[in-house]
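A.B. asks: please work out how this folds:
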Amino acid sequence: MVHGEVMGSEDVPTRLHSECLTGDVMGSLRCDCRDQLEVAMQKIGAMEQGLVLYMRQEGRGIGLINKVRAYALQDRGLDTVDANVALGFRDDERDYEIAAHMLASLNVGSIRLMTNNPRKIEELRKLGTKVNDRIPHVIPSTEWNRFYLETKARRSGHQIEFEGRGHPPEQNDPVIIEGQS
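C.D. replies: Alright, predicted model coming up:
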């Protein structure tokens, strides 16, 4: 989704949103995906220009059927990382090559990436995309998705703050904050 004139532009606010059928379409409370997509579109819609790239990488790249299998393992006590690993996958199987190609095709010189995931920034940079800044994209947790979001912060390095604590409970590693991208 393109808003405004982005071709040949620098510092284009950009959100890479990975498909989440259960959240985006069905409104699952397990995650914050639908809220992330809606808020990103609202924020970018209020800006002069921006991009939302909707990536067909369901379940962090493991596909819908395996995502449902991971949900079943989570219902038995595993967190989202351990569930993916138990199914024989890495924590995150997504590939950002298509996103980098889309940005190059639009002749976007550089982006400001709307994300909490430092891996997205690293992967895009490896693929030749110039990421000049990170726009934090934190959606307040709910009682239904808090453990999921805490796991993303604690186990996957997502830059999420929880109610002024700066990190989820029992997190011992320092949290990476804005400006360190």
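
A.B. asks: sec struct for H17, please.
C.D. replies: Of the three states, H17 takes strand under DSSP: H, G, I helix; E, B strand; the rest coil.

A.B. asks: now the residue nearest to A86 when sequence neighbours are not counted: which helix or strand?
C.D. replies: Nearest non-adjacent residue to A86, counting by CB to CB, 6 or more residues apart in numbering: L73, 5.6 Å away. All C-beta atoms are positioned from the backbone trio N, CA, C, and that covers glycine. With secondary structure defined by DSSP states H and E, L73 is part of helix 64-75.

A.B. asks: please save the CA atoms from that helix in CSV.
C.D. replies: Provided in CSV are the C-alpha atoms of helix 64-75 (Å, rounded to 0.1, in the frame of the first residue of the first chain):
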residue,chain,number,x,y,z
LEU,A,64,-1.1,-21.4,8.6
ILE,A,65,-1.3,-25.1,9.3
ASN,A,66,1.9,-25.1,11.3
LYS,A,67,0.8,-21.9,13.1
VAL,A,68,-2.3,-23.7,14.2
ARG,A,69,-0.2,-26.6,15.4
ALA,A,70,2.0,-24.1,17.3
TYR,A,71,-1.1,-22.7,18.9
ALA,A,72,-2.0,-26.2,20.2
LEU,A,73,1.5,-26.5,21.7
GLN,A,74,1.1,-23.1,23.3
ASP,A,75,-2.2,-24.3,24.8
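
A.B. asks: show residues contacting it.
C.D. replies: Helix 64-75 is contacted by residues 21-22, 30, 58-59, 62, 80, 82-84, 86-87, 89 when judged by CB atoms under 8 Å, 6 or more residues apart in numbering.

A.B. asks: if we use 7 Å, what do you get?
C.D. replies: With contact meaning CB atoms under 7 Å, 6 or more residues apart in numbering, helix 64-75 is reached by L21, E58, G59, I62, T80, A83, N84, A86, L87.

A.B. asks: can you check stretch 24-40 too?
C.D. replies: Contacts to stretch 24-40, defined as CB under 7 Å, 6+ apart, come from residues 15, 17, 20, 22-23, 52, 114, 137, 139, 142, 144-145, 148-149.

A.B. asks: now those: which count as buried?
C.D. replies: Applying 16 or more other CB atoms under 10 Å to the contacts of stretch 24-40, the neighbour count classes R15, H17, C20, T22, G23, V52, M114, H137, I139, N145, Y148, L149 as buried.

A.B. asks: quick check: buried residues in stretch 123-142?
C.D. replies: By 16+ other CB under 10 Å, the buried positions in stretch 123-142 come out as E123, L124, L127, T129, V131, R134, I135, H137, V138, I139, S141.
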